[in-house]
Structures are given as C-alpha cells and as structure tokens.
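Novice: give the three-dimensional model of this entry:
(6 chains)
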6 protein chains.
Amino acid sequence: MLNKNIDTFLGCDNSYSEAQVVVFGAPFDSTTSFRPGTRFASRTMRGESYGLETYSPYQDKDLEDFAVFDGGDLELCFGDTEKALAAIETYTTAILSDNKLPVMIGGEHLVTLGAVRAVARKYPDLQVVHFDAHADLRDDYLGTTLSHATVLHRVWDIIGDNRIYQFGIRSGERREFVWGKNHVTTQKFNFDGLAAVVDKLQAKPIYFTLDLDVLDPSVFPGTGTPEPGGVSFIELLEAMLQVTKLNIVGCDINELSPVYDQSGASTAVACKVLRELLLAIV
Amino acid sequence: MLNKNIDTFLGCDNSYSEAQVVVFGAPFDSTTSFRPGTRFASRTMRGESYGLETYSPYQDKDLEDFAVFDGGDLELCFGDTEKALAAIETYTTAILSDNKLPVMIGGEHLVTLGAVRAVARKYPDLQVVHFDAHADLRDDYLGTTLSHATVLHRVWDIIGDNRIYQFGIRSGERREFVWGKNHVTTQKFNFDGLAAVVDKLQAKPIYFTLDLDVLDPSVFPGTGTPEPGGVSFIELLEAMLQVTKLNIVGCDINELSPVYDQSGASTAVACKVLRELLLAIV
Amino acid sequence: MLNKNIDTFLGCDNSYSEAQVVVFGAPFDSTTSFRPGTRFASRTMRGESYGLETYSPYQDKDLEDFAVFDGGDLELCFGDTEKALAAIETYTTAILSDNKLPVMIGGEHLVTLGAVRAVARKYPDLQVVHFDAHADLRDDYLGTTLSHATVLHRVWDIIGDNRIYQFGIRSGERREFVWGKNHVTTQKFNFDGLAAVVDKLQAKPIYFTLDLDVLDPSVFPGTGTPEPGGVSFIELLEAMLQVTKLNIVGCDINELSPVYDQSGASTAVACKVLRELLLAIV
Amino acid sequence: MLNKNIDTFLGCDNSYSEAQVVVFGAPFDSTTSFRPGTRFASRTMRGESYGLETYSPYQDKDLEDFAVFDGGDLELCFGDTEKALAAIETYTTAILSDNKLPVMIGGEHLVTLGAVRAVARKYPDLQVVHFDAHADLRDDYLGTTLSHATVLHRVWDIIGDNRIYQFGIRSGERREFVWGKNHVTTQKFNFDGLAAVVDKLQAKPIYFTLDLDVLDPSVFPGTGTPEPGGVSFIELLEAMLQVTKLNIVGCDINELSPVYDQSGASTAVACKVLRELLLAIV
Amino acid sequence: MLNKNIDTFLGCDNSYSEAQVVVFGAPFDSTTSFRPGTRFASRTMRGESYGLETYSPYQDKDLEDFAVFDGGDLELCFGDTEKALAAIETYTTAILSDNKLPVMIGGEHLVTLGAVRAVARKYPDLQVVHFDAHADLRDDYLGTTLSHATVLHRVWDIIGDNRIYQFGIRSGERREFVWGKNHVTTQKFNFDGLAAVVDKLQAKPIYFTLDLDVLDPSVFPGTGTPEPGGVSFIELLEAMLQVTKLNIVGCDINELSPVYDQSGASTAVACKVLRELLLAIV
Amino acid sequence: MLNKNIDTFLGCDNSYSEAQVVVFGAPFDSTTSFRPGTRFASRTMRGESYGLETYSPYQDKDLEDFAVFDGGDLELCFGDTEKALAAIETYTTAILSDNKLPVMIGGEHLVTLGAVRAVARKYPDLQVVHFDAHADLRDDYLGTTLSHATVLHRVWDIIGDNRIYQFGIRSGERREFVWGKNHVTTQKFNFDGLAAVVDKLQAKPIYFTLDLDVLDPSVFPGTGTPEPGGVSFIELLEAMLQVTKLNIVGCDINELSPVYDQSGASTAVACKVLRELLLAIV
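Specialist: As a prediction, this is how the structure comes out:
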C-alpha cells in the first residue's frame, strides 16, 4: 500500500526479466489526417482494462498464468515523425535482443513501421499479416511519404513483394488497389482465404499488425476514420486465433481513439482483443 | 390538463387495482465496481419510451389492450445495501400478495436478489432463467458478499442446485465457471440449448432476470461494463419470446446505464425489450 | 488558393451545367416530434465526407469519373411547414426541368413530400421505393397532416394505391399497418421480396426514399428515433444496389441527426451510403 | 407506494385547487433556426430538480411552505406554430380565470407570445420586463413573422410602445436596435437602470419573460445560441429579485436546451432560477 | 524504459521514505444520492495532470523542489460504507504514524470522515476548515447516517461544538442552517470572514476539507450536484493560500466527477488546486 | 441557388480583389503534446458563425459594411512541421504582397511562426503583442525546437529582444519565466500595463497573436490545455480593442479545439472574438 502507484494493462504486472512478452504503448498520431486521438489509446486501455477479467472463456486460459510485462508508454516526439519512429525502433530492438516478444499498442498505424524496422532486421524472412479497413498502400499522402496512409507501402519497401497479406480491406484509392495487385495479397471486405494463408506461412516469422478499424464502426466507433461495412467482434476473434497459430515474432494493435467513443465500448473491445492476443501468443 | 403530471412507461398508465402487471424501478447501483449509473435507467426509460409505439409488429399485440401499472421508482438507500434489498423485497411481496406480476427495472444486477427473496418465498419451487454477459457467480467480491458480481450465487443460496439456467455468459473468473459446473447450468456465448431448457421447465414457476449486457456493446453500449461478443437484438428478442412461454412469476431487466450512451440507442433498446417482455407476459 | 472557400460533398465539385446529378440539402426538422437535429445532416456530411475515398471497392467505380454538382443547402423556413415544402418543390422542379437527377439530403423525412410533388408532376406513373424503420403512414399526427409520421400517406395522396413499396418497416401504430394492407406494399423487418419488386418495376420511373433509420441503431445511432432490430450496412448496401438498377428519377436519404452520434460513425455511414448511391445512379 | 408515478418540479406537488401558482411546460422549438432542443427543458428540469433543495438561503424561504402546482407539459403541435401558440394561450387563460399565477417553462422564446396573448387580455395595461441576450425585435425572420427572433416585436404588436423593458441585450441586427429606440426601452449588456424601471413600474401589472441566455455561456452553455459576454448567476439573481417586487401577473423562463450541456450545470441553473422565482412571487 | 509503468500525480514521484507529504486516492461514491462518478477523480487527475506544469507562477515554487509521494488509490469496498471508511482510516493512520502529512483525493465527501477519524485521534484539539457549496450537516439522509450529506455532522460527533468553520455554503435544508447556528461557524456564499478565522486558529491543528463544488459550476461543472452561485477559481486560490498558512495536519479535496465534464476543464481545475495546495503545505 | 456551395465565415463573402482583409485557416496541430484537435477550429467556426450577427453592439459596426475575404483552409502536411510552416509563410506572403491584411485562424499556436516569418520580412521593425495562458518560451520541447510550447522563442529568434509583449500568462516552466525576464515583456495573469504598452508601440508595425486559452476555461473550455485562472470574455474584448488601435499588420487567433466543448460555447466565443477583431482592424 505504501508503494508507488503502478499502472499496467490487466494482468501484465510481471517484471521485465521474467516476462516472455513485453507490452508497450506508442502514443503517436501526428500524421493522422482526419481526426487525431490515438495517442490516448494505451493509457486509456490500461485504466479501462479493469472492467475485464484475466480469464478467457474463449481460450480457457488466464493471463495470471503467464508472464507479461507492461513497460508503459514511450515518450515520443510530436511533429517530428522520423524521431518518433526511431524511438519505437530502438525500444523494439531492445526487447528483441532479450528474446522477448514485442506487443505494441498504437497510436496511429504508422507506428507499425518503427517496429517492423526492428523486427525485419532480426528476421530477414519476415512476413506481415495485416487486418485493416484501409489498404494503407499509398506511396505518399498529403505531401509526405511517412503517413498512416502509406505505412504498408513503407513496410513493403523493407520486406518486398508478396510478403504482405491484407484482410478486411474496404477502403482506398483506386491506384492503391491497382498497385497492390502486383505486390501484396489483398482480401477485400472479410477474412476469406485466411486459412490458406495460414497454411502457407507455417514456420515463417510473422509480424501481425491489427488496425482495429477492420471492425465495423458499430462495434468500434472509437477510431479516427470509421469505415462502415466491417467485420464483427467474433469474426475478428476467430481470425486472430488462426493467425496466432503462426510463429508471431512481433505484433501491434492500433488506431483506437478513445475520445470518439464516450461509451467506452471501443476501449473495451481493444482491451479484450489485446487480452485474447496475449493469451494466444504466450 | 389541470391534473398533476403523471409519468409512466409507455402504455403503462392503468390503475394499480385493475392491473395484472406492475412495473417499478429499483434505482440502486451502490455495489457497482466499475462505472455506476444504472440508477438512472428507469427514469430515463419512462421519458424516452415516447419514441416508441405501444403496438408490436413482432407479436401483433398492443400495450393499450392490456392493463399494466407503473408504480414509479422505489426510494432506496445508497450505501447501505441490505436496506435497499429489504425495500425491494417488501415492495415485491406487496405486489405478489395482490396476485399481480412484478416487473422490476434495475439498477445494477444485485437488485434481483431483493425480488427473488420475495418471489421464492411464494414459489418454493422457483427456477431462474438468467441472460447475461457475466456469470455473476462469485461468492464474494471486493470484500463483500452482496454485489452485482455475486448476485446469482446469492440467488443460489436461496433456491439451491440446478435451478439456475444461464445463457450468453462470456465473462467471469475461472473459478466462477468451475464452481458453476456443479451448481448451475451455463450456456456460454449464446442461446444454444434454450429450447430444451424451456421444454424441461414447463409448469415450473420461473423468475426471469435479464441483464441487458447480454447484448453486444454495439447494440447496447449504455452499460457499466461493456463486454464485446454478445448477442444481437433479434437473437435476444427470439430467446425472450421462448422464455416467456413459461410460467413467469416475476422478472426484471437491469444494467442499463443511460449516461454512457448519449445517442439514446441503448435506452431505446431497453424500452423495446421491456415492451416486448410486457406484451409477452400479460 | 485565393478563391472563395467552396465546400461540397466529396467528389461532387462539378459545375451545374456539366452535372448529370444534383445533390442538395434540405435542412428542415420542424415537425420532428421526438428529438430534432436532422437539419445539420447535409452540412455535417460535407465536412466529414473527407474521411472517405471517392473510389468504391464495392462497385469498382470512382466519383472522380462522373459529373455531380453539390448545390449546397436550401434556406428553409422553420416553423412554417408549407413554405419549406414549397421551396423544396421549386428547387427540385428546376433540376428536373434541366433534365438532371435530383438527390436530396434531408432533413426529417417530410422533406420527401416536397421532392415527390415535383417529380410526380413530371412522371405521372411514378412509383416509390421506401426503406425505413417506420411506416410513416399515419393520416395525421399530433394535430397536423404534414409530419414526418404522415409523409408516405401524403405521398399516397399524390400517386395513389399500390405505388409505394416499403421495406424494413418495424414500427408503427396498429392502424397504420391495417390501413397499409389495402394501399401500399409493406415488407416488415427486412428486404425479403425486394428482387420480385425490382423485377416488377422495370421501366417504371422510380423515386427512391431512404430513411437511414432502416439501419439498426448499432450501425446508425445518430437519428432522432432509434428503433432496434434493423438491417446491417451490408444488407442495406446490397438492397440499394438492387433498387438502383431501376429507372431512378429522384431520390433522397434522410433522418441523419449528427448530434446524437458523437463518434461520427453515423455520419460516416450516411456519407458512404450517399457515395454508393451516387455511383450507382450516375 | 402503490400510486401512479407523479413527476413534478421540486416542491411543486400541491393540488391545482389549493395552488396559488401554476407551473407548466411549453415544449416547443419549431422556429428555432440554429440549434433546436428547448423542447426537452421542462421535462429535464423536473428530473434534475432533485439535485436541489426546496430551501433558499438567499431568500430564507422554503418551497414546502407554499402551494405550487405543476401541471406537466402541454402537448404541442410541432411544425404548426399557430396551433402551438393557441394551445399555450388557452391553457394560460384557464389558469388566469382561476386567479392563479401562470409560470411557463419554455421551449423557445416564441412561447412567450402565447402566454402574453392571454395575460394582456386580462390586464390591458400590461408591461413586459424582458431579460435576454438577443433583442428579438425583428419584424420577420427567415420568411415568417412568428419566430423566436421576432417574439418581442409580436408582443409589441399587442401592448404597444414603451411597455417593453429589455435588459442584458448584446446581440441583434443593427435595424433591431434602431427600431427599438423608438418603441421599447433597451439596456445593453447588463442590468444598469433596472432600479429606476422597477420604481417606475410600481403597481403596474407585469409579465416577466426571462430568456436564460442572458446569462454568460460559461454559466449557461445549454442553449441554442450561446452569446458570450453575458451576466453572472448572481447578477441575474439580484436583478430577478428586484423585478419580482413588482406586481407579476405572469412569467416564463425559456431557452434551456439541455442536450447541449451534458454536465447538467445549465439545467441546475435553470432549476435554481425557477426555485428563486417561485419563492419570490408566491 | 524497461521498468514497470509508474503513474503518479504530476511531480509526486518521490519515494515514501523521503516524502514529507503523501497523496492518495479514496475512490468511493456509494452514498452519492444524485449522480455518482467521483470514484474516477484521482485516476483521471493523475492522467490529466501532465497538461500542467510543476511550477506555480502564483507561489513561485516548483513541485520538483519538494518530496511528495503518490501512493495510488485505496481499493475500497463499494456498497459497504463502514468497510470503506475503515480502510481510509487505517491508511491515514499509517501515514500519520510516520509523521507525514496525508492529502486525500476523494471520492465523495464522506471519505473525509475516514481521514478525520485518524487525524482527530492524533490531534485531540483538531479544528476543521470546510469549503463547500453544501452544508453537509444533516443528521441522517435517505435512511442512513453515513452519507455525503451528513459528513460534517459526523465530523462534529468527533470534534464537537465550534470546531468547524464552513465557507461558501449556498445549499442545504433549512434545519441544517438552524442546527448549524449552535454548533458550527457558517459563512454563506463566499469567504468573507476567513481572515479573522485564520487569525483565531493560529497554532491549532487544522484539517482542511475542500469540496470542489464550492466553485461555481461555470468553473467546475464536473461534479455530481452542480450548485450555481459559487466562487471563482481565483477567489478559491486566495482563500486556500490563507488557510494553508495555518498548521495543516491533514487535508483532502473531493467531489470531482470527471465524466460530467468532457472538456476536461474541471479536472484541470482540480489538478491545479492540488498543485497549489501541495506547494502551499510542503 | 444553382451555384456551388460557398462556405465562409459570417460576413466574409467578398472577393479577394475587393477585400482589405483576408481570413484563412491553418488547420495544423501535429506538435500538440497533450490533446490535439485545433485542426478543426476554422471549419467549425465557419459553420457555427451563423449563430452570430454581423452587427456588433459593442463597436456599433457591421461586417456587411466592410470587405473581408475568406480564403478557406490551407491544406497542410500533418507530421512534417517544416512543410506546414512553409505553406503558411507562402500564403501569408502572397496576401502581404497584395497589400492586404492577413488574419489567420489556427491551429495550434505554432502556426503563428509561419505567419510571423512572412510579416517580419516585410516589416523589419515588427513588434509582437501576445495574449496567452502559457509563456510558450521554451527553447525546445519533447525533443524538438518547433513546437506550440516554443513558438514565442522562435519568434524571438526572428525579431530579437524586447519586441514581444505577453499578457495573461499563468503557466510555464520556471526557466521560461527566468529567460523571459531578459528578453520579453511578460504581464502575468491579466492585462495590467497594456495601456502603457499601447502608448509605447504607437506607429510600430504590430503582429497580434491571440491564444484563446488566455480566457478562463469556464469561458473557453474547448482547448487542448485548459488552464484555470484566466480572463473573462469582457476583459479580453476590452484588451483587444486597445491593441487594435495600433498599426496591426498581421494577426491570428488560435488554439480552439471544438471537440472538447460539445456545447459549442467555445466556438461561439472564438467566432465573436474574430468578428470583433475584424471589425476593429478593417
């Protein structure tokens, strides 16, 4: 009772040394072009996670049985994108060098680039599984090449053709879809074909990036750019449990913007997704 | 026009003496551990019910054809749980002794205990059908045995083994599920198996307690602890219409917390559920 | 950069003369009996439409390839319903006389009457396809015959029996449904039977009026009278793409009330519905 | 406990026959041109008034010592302004004919016209004291002569020159101020000169109309058209206690729009103003 | 960076052993009769305090120059008031026995009772300075003697006549004011007479309890029971800086309910008040 | 009616060529460290300005009598601060070269730097009058030198010592105040001394930058970092009317973040401030 006030995501209160998995927040949203606010995701999730249980009746597992460490939030530079990405890369590299698994909470989707830079260096054969409403394949956007709208193109710069598998995509410029046909695998609207992809990627090192706006805005209104026509919570959960059978070497969830959902339901969704993700990968 | 201002739930403006069914509010949420606010449910529902019709195209029935009385809200003691439960029990007993059917609007789920105490005294063979996201089977919670999180365990104290049938449960501690296996019937996630339960319970006196958070938070975000992965409105409606074929001797709906859904959609859901419930049991 | 600030719905920035389709707003909600606010729909949609793309992966079409003009909002008289309807009729007539297709953004549903008056004069054989949660078939409501709750009855006054096809209806007084049986075609709850109606109406001039509250409030809480039990976004999209195969000579979407959904998801739904509608009819 | 649910403004639960003062709601906002919502004022005030005490430490009086009746809300016709005004006039006339004092809760400011029509018939020498941010002296507005923005001009039509005393006015068209100079007495920005007016009006019958937006929006943000630069709560209270020394024969408070202030502070202000007003005039 | 995530109020990150002052949260609101939510005050203040500076230009002092420890929040029992008060008393006693100064963040005002029980045991001559909108002098309320509305009466039970000095009081039942005249010193509405009280209390041990609703709701809308007519921020600051010249042996600030002020301004006020209070007493 | 939809700030609908004053929006908030959202200020102000009149009873002037052009919003690059500043500088330079007066609507306060770069080039003797809650004098902040928290230091880099006059400052790090003593003139808390500054600066070219958070958060809660203890609307208005007697060669208002004030009162304040500012400088 007379200790400093420690605040972690539900059930992630192990020490760094004993942990297999390291959760951390990357509160950055400077390139968000429409409605900012994802910088508050990780902090809000920690606070609201206490409305959740550590036990999952879906997986019949309990976070209390596993060692997860919550390192808190990185202190990132707003307005200088490269500096922010470098800080994410540095932190992710530190986790990887201790042979722990990084789980990042965004932030806007661009934060994925910082983590992938670190992970791809360790795993040159890295493949990326990407759930999202938006293709994020632009080459540049509003005058910059580093943007939430270009992030998968930047990931492609690093890992190259036919290493990115997108699901749930229902928004983008026409030229994104055209370009994508030759460089990435895109499943529009839903998770059809995921089983085949999972089969194909067995034994590969996988970075899994989950933009929560793949969910329908009815389920997840708390995001900068709500895009109607998305998947349900159960569809996402089932798809995620398939992906996590693979050899996940890094992952993130991103694009929760709590201020836009004052009911707290979006944050509850993000927390439950993170709990299930953690239970599936530990 | 020159009478006092009477405010009832839509279509429930009959006198007590002529009514078959008595609706009343139990605005209590003192044991709510996460986000309080269910105390405002009944009052808000009365006001917003005027956005609804008295006629149901689902059941082809009209509330105007039936005699329902709305007794308003009990004045409950905040901070002294036993006093509040005693007041609910007393009021419910009065309704039962006049051979009317009590329909309570919570409040947090613990209010069910007050009503069940009264109903179980009149109907020793009472069975409970329970729709909820949460098992509510803890024996104690945060240092007290009287809590929204223990309420079904307290109901079990009264009616004993194999009398509680839970549906839609998707959250709880592991030990709740373990304990439940030997004492109650739990259907996780959905309403599978409800038809068989309804068959089995023919002719038994039934208390039906409906925690509205059994609904998915997309449908019903206005609740203290949103738990993703719930049922749809239509699934709930169909399940409810099955349960109400039984011999309902008391029922409640609970856990609407209007302030968390400023759109009013959650209150509209609660009102429509109550309308359909009333039409089904009169 | 040194021009006046032009504000149009996404991709509708063509000139009037070159446009095939004319979008305009009818910001009127004076007869709304429950919760007003639809007057802000068109303006809010223009602003929020920039969270959307001009390209539709559903139809593989791009608004940039078509000529649509956004004429802004009519300046309507609040509190004098007939004046407001006359202004809508006048503007719609002007569009029709230039052989362009009017697409109106409500406002409450009564605005449809103004447009139908104009369209029915040009197309005496007009048929109306109507998606809605509410039947809107009352003859009078709260002492007036011109109301959001009577609008389809008023349309029937103009075009007569068996010319109105309603889908998704799940709310109304009993007598609306009774009256409707002899005068209009009503499909309750969903879009069953739409294909047959579309077959039957080939070659007829069609006015399509889409009350967005046909959607479930989980998808579209931002409306005055949320009515649970509605259709999903995908169900609406598919139904709409069927209707738009017909000879649409006028259409509207109505009943978005942005203030009741602070997440912006309802506005995003309305914008995406309008984009798909425009792409389907150009 | 087994009576119907009666809902009145705090402490106004006397019977009509014994009451000296009759409070009633006029939930009408159809001519509101900017942001509607005042229709919910009276209902919300009743509910929230229980956060207040019946006792005033300002006046050392208690509402429990006086007989006030709350007749609830009129059912007014939205979209047909004349019908709504006629209903207000009829109800006010009934109160006056029983020699009781009418206290109306708006609604938009136009509702004042209905009440003044009734009061001016009984008191031909009627004078009007008017607190407001807006002059409301237009002759017509957006194509209609019956509008919240013209209401004091319409009152002038009835009672004529030099009978209207305005205070706190800080917004209007230039021509309103110009016209007003010859027809009404206007104190801009504050209550300077009120004492002299009160002296002058001794023994005259007074209708007191209080547009709550005379308050600064910091105190009272819950209104359709917040106008910065207004008076404080204490300034209003003191001015009101001066006016109520006169022979008040009718009064109203108007323009609370609760939905725009989710903190409830504006409703609390309106409730406290009404309590003090009632205590001052009984 | 690889440490657990510590979350403290701004500048209160010293260790317990080196600290002179101990800040802790008492998140309890079970007896709140109107609108609950103060349980979230301390947690929200920690998060939002980073919008503030550690330096005060009012006092020309910096929190970084002093040793303050933030012990986080007590885990209190909702629904069992006595247990919650006992936990507060125990924790406060522990701080006092280490000769540190307890600064509690409520919670509802009743939490003060737990702290005063501990402080009065150590300082039998304890005097209480009380800033509030409400007298809180009832003997019982809604059937219980332990309530936010009775807390100062309960404090009087412990310390007796003429030891409580209230300022800013503008709400209460008549009998509270009558009773108070013989037992406590009450300054209605403002801080007049504070200087004299401060003179008189020199050298006495003082418990200072600050109900933030003494502020006007324009300044501090984020509270359960907004009471118009309160003091300004600067008036409070100046009064507080007078009180803190005394020998403060314990203090609290209470009744922030963040959910009712979505602007965050109320939380910012509470944080700044706490910063100034801490700087004044260290 | 059949023209494209033009959207300007109230009364600013003149053509560029005829205008003396050019209003434009700089929707940029990428360096905002606490709560972003000022990017929506200019757009929201245009929409909400229609709740205001063009006539000012304070100055007895009407915007309709003057020629002001609203150029809409710059399209700025989020996440690349230098690019955004360059775009602002370019646009401002264009206005200046046509001998018109630039009036910029931020955006976060950093946008001022872009405008000052342009203005200082034209007016080498430029002086800056700065109203703000925050000193904004840091040399770097969170790892960058271009930040809302450093903007006045950056302005000082350009114009040098004793050219910046700050008023209302009530927040900052200690070292900002220390540094400021030797380089700028700072009036803490209020506008004391403004008259003397105005006297001294007669005939100098003045850039006036108004951070709206100089206002108390009760008046202006809709900002990223509410800082209690600010000035009232009337105090700001009077101070502004003093400053505008000087030779204003450029100005801006900034830091409105509409999403944090859902009442709209903050936007109304910003609009009224802008109206009065425009009327004072034309």
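
Novice: how far off centre is the helix or strand containing A:E276?
Specialist: Using DSSP states H and E, A:E276 sits within helix A:265-281. Using C-alpha atoms, centre = their mean, to the nearest Å, the mean C-alpha position of helix A:265-281 is found 11 Å from that of the whole chain.

Novice: now it and helix B:265-281, what's the angle there?
Specialist: Here helix A:265-281 runs at an angle of 90 degrees relative to helix B:265-281 (axes from the mean of the first three to the mean of the last three C-alpha atoms, to 10 degrees).

Novice: what about helix A:265-281, near chain F?
Specialist: No. Helix A:265-281 lies apart from chain F when judged by C-beta under 8 Å from any C-beta of the partner chain; the minimum separation is 15.7 Å. (C-beta placed from N, C-alpha, C; glycine too.)

Novice: so A:N254 bridges to which residues?
Specialist: A:D211 (DSSP bridges).

Novice: show me what from chain A comes close to chain E.
Specialist: A:1-8, A:13, A:15-16, A:43, A:46-47, A:69-74, A:91, A:94, A:262.

Novice: from those residues, which land in helices?
Specialist: A:R43, A:R46, A:G47, A:Y91, A:A94 (DSSP state H).

Novice: buried subset of the residues of chain A next to chain E?
Specialist: A:2, A:4-5, A:7-8, A:13, A:16, A:43, A:46-47, A:69-74, A:91, A:94, A:262 (16 or more other C-beta atoms under 10 Å in any protein chain shown).

Novice: returning to that earlier point: and the helix holding A:E276, what does it pack against?
Specialist: Where contact means 3 or more C-beta pairs under 8 Å, 6 or more residues apart in numbering or on different chains; DSSP states H and E, helix A:265-281 is packed against strand A:21-26, helix A:41-48, strand A:55-56, strand A:101-106, helix A:233-243, strand A:247-254.

Novice: pLDDT on the second one, on average?
Specialist: Yep, that's helix A:41-48 we're talking about. Mean pLDDT, computed over helix A:41-48, is 96.

Novice: same deal with the fifth one?
Specialist: On average, the pLDDT along helix A:233-243 is 98.

Novice: got the CA coordinates for that helix in PDB?
Specialist: Output of helix A:233-243 as PDB, limited to C-alpha atoms (Å, rounded to 0.1, in the frame of the first residue of the first chain):
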ATOM      1  CA  PHE A 233     -16.000  -8.900 -33.000                       C
ATOM      2  CA  ILE A 234     -16.400 -12.700 -33.200                       C
ATOM      3  CA  GLU A 235     -15.200 -12.800 -36.800                       C
ATOM      4  CA  LEU A 236     -12.100 -10.800 -35.800                       C
ATOM      5  CA  LEU A 237     -11.500 -13.100 -32.800                       C
ATOM      6  CA  GLU A 238     -11.700 -16.200 -34.800                       C
ATOM      7  CA  ALA A 239      -9.400 -14.800 -37.500                       C
ATOM      8  CA  MET A 240      -6.900 -13.700 -34.900                       C
ATOM      9  CA  LEU A 241      -6.900 -17.100 -33.300                       C
ATOM     10  CA  GLN A 242      -6.000 -18.500 -36.600                       C
ATOM     11  CA  VAL A 243      -3.100 -16.100 -37.300                       C
END
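
Novice: the stretch 51-200 of chain A against chain B: which residues are in contact?
Specialist: Counting by C-beta under 8 Å from any C-beta, the residues of the stretch 51-200 of chain A near chain B are A:G51, A:L52, A:E53, A:T54, A:Y55, A:P57, A:Y58, A:D62.

Novice: and the residues you listed, which is closest to B:V197?
Specialist: A:P57 (19.5 Å; C-beta to C-beta).

Novice: number of nearby residues for the closest one?
Specialist: Counted with other C-beta atoms under 10 Å in any protein chain shown, the neighbours of A:P57 add up to 19.

Novice: give the contact list for A:A149.
Specialist: With contact taken as C-beta atoms under 8 Å, 6 or more residues apart in numbering or on different chains, A:A149 is in contact with A:S33, A:H134, A:D136, A:R138, A:Y141.

Novice: hmm, 10 Å instead?
Specialist: For A:A149, the contact set (C-beta atoms under 10 Å, 6 or more residues apart in numbering or on different chains) comprises A:31-34, A:108-110, A:134-142, A:172-173, A:176, A:225.

Novice: can you list the low-confidence ranges for chain A?
Specialist: A:1-2 (pLDDT under 70).

Novice: strands of that one, start to end?
Specialist: A:21-26, A:55-56, A:61-62, A:68-73, A:101-106, A:127-131, A:164-169, A:185-188, A:205-211, A:247-254 (DSSP state E).

Novice: out of those strands, flag the one nearest B:V243.
Specialist: So among those, strand A:55-56 is nearest, using C-beta to C-beta, at 27.7 Å.

Novice: neighbouring strands - and their directions - for the closest one?
Specialist: Strand A:55-56 has these strand partners (DSSP bridges): strand A:61-62 (antiparallel).

Novice: what residues does the stretch 1-150 of chain A put near chain F?
Specialist: Residues of the stretch 1-150 of chain A lying near chain F by C-beta under 10 Å from any C-beta of the partner chain: A:28-40, A:75-84, A:87, A:108, A:110, A:141-148.

Novice: can we see that at 6 Å?
Specialist: A:30-31, A:33, A:36, A:77-81, A:83, A:142-144 (C-beta under 6 Å from any C-beta of the partner chain).

Novice: and those residues, which of them are buried?
Specialist: A:S30, A:T31, A:S33, A:P36, A:C77, A:F78, A:G79, A:D80, A:T81, A:L142, A:T144.

Novice: narrow the contacts of A:A149 to those that are buried.
Specialist: Buried among these by 16+ other C-beta under 10 Å: A:31-34, A:108-110, A:134-138, A:141-142, A:172-173, A:176, A:225.

Novice: now do the contacts for A:A196.
Specialist: Contacts for A:A196 (C-beta atoms under 6 Å, 6 or more residues apart in numbering or on different chains) come out as none.

Novice: mind listing what the residue nearest to A:G79 when sequence neighbours are not counted touches?
Specialist: Counting by C-beta to C-beta, 6 or more residues apart in numbering or on different chains, A:G79 lies nearest to F:T31, which is 3.4 Å off, once chain neighbours are set aside. Going by C-beta under 6 Å, 6+ apart, F:T31 touches A:F78, A:G79, F:L110, F:S147, F:H148.

Novice: contacts only, for the last one.
Specialist: Neighbour list for F:H148: F:T31, F:T32, F:E108, F:H109, F:L110 [criterion: C-beta under 6 Å, 6+ apart].

Novice: again with A:L96
Specialist: Shown in contact with A:L96 (C-beta under 6 Å, 6+ apart): A:K122.

Novice: if anything else comes up later, I'll come back, but that's it for now.
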